[in-house]
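>>> Whatever this is, show me its structure:
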Amino acid sequence: MIFWPAFIQYEHEDELIFMVDEASWNSDPELHFYGYSDQDRLVDSGGTVYALQQSQEKNFIECITTGQSLSLHEFEGLVKAHLVALNQCCVEKIQLGSFAQGMSFLQHVTET
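Below is the predicted model:
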């Protein structure tokens, strides 16, 4: 079960694709018809990592749990890399206290 919000991290990309809820995931056809690599992943607000695989019907992407999770330190590194990719300043000053705080931060940056 995915705990929303979540983001997609593409292999070799620093920019993260933020999704506030399941409805935003389901309503974006580009997220379901994109050819994902084996290293692309979805990470939920609990830090759980999911692989993105084409469904048997080939109509949508399934999120399959990998049994892995990110530490808060790893998540903070992804958020910082995302901000650098967006040319944000003062990135090194950011210190996340929780996944919820980091997801809220990503949402704010995505909406502006």
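
>>> Now tell me what touches the biggest strand by length in the chain from outside.
Counting by DSSP state E, the longest strand found in the chain is strand 61-69. Contact with strand 61-69 is made by 2, 31-32, 34, 36, 41-42, 46-55, as judged by Cβ atoms under 8 Å, 6 or more residues apart in numbering. Where you see a C-beta, it was placed from the backbone N, CA and C, and this is true even at glycine.

>>> try 10 Å this time
1-2, 6, 8, 25, 31-36, 40-44, 46-56, 75, 99 (Cβ atoms under 10 Å, 6 or more residues apart in numbering).

>>> Kindly supply the PyMOL command isolating those of the residues you listed that are buried.
The following PyMOL line selects those of the contacts of strand 61-69 that are buried, judged by 16 or more other Cβ atoms under 10 Å:
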select buried, resi 2+6+8+25+31+32+34+36+40+41+42+43+44+47+48+49+50+51+52+75+99
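
>>> Now intersect the contacts of strand 61-69 with the strands, please.
Counting by DSSP E, the contacts of strand 61-69 contribute 6, 8, 41-44, 48-54 to strands.

>>> Adding distance to Leu70 and pLDDT, write those out as JSON lines.
Output for these, formatted as JSON lines (distance: Cβ to Cβ, whole Å; pLDDT from 0 to 100):
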{"residue": "Ala6", "distance to Leu70": "12", "pLDDT": "97"}
{"residue": "Ile8", "distance to Leu70": "13", "pLDDT": "95"}
{"residue": "Arg41", "distance to Leu70": "10", "pLDDT": "96"}
{"residue": "Leu42", "distance to Leu70": "11", "pLDDT": "96"}
{"residue": "Val43", "distance to Leu70": "6", "pLDDT": "97"}
{"residue": "Asp44", "distance to Leu70": "10", "pLDDT": "97"}
{"residue": "Thr48", "distance to Leu70": "8", "pLDDT": "97"}
{"residue": "Val49", "distance to Leu70": "7", "pLDDT": "98"}
{"residue": "Tyr50", "distance to Leu70": "11", "pLDDT": "97"}
{"residue": "Ala51", "distance to Leu70": "14", "pLDDT": "95"}
{"residue": "Leu52", "distance to Leu70": "16", "pLDDT": "93"}
{"residue": "Gln53", "distance to Leu70": "19", "pLDDT": "88"}
{"residue": "Gln54", "distance to Leu70": "24", "pLDDT": "80"}
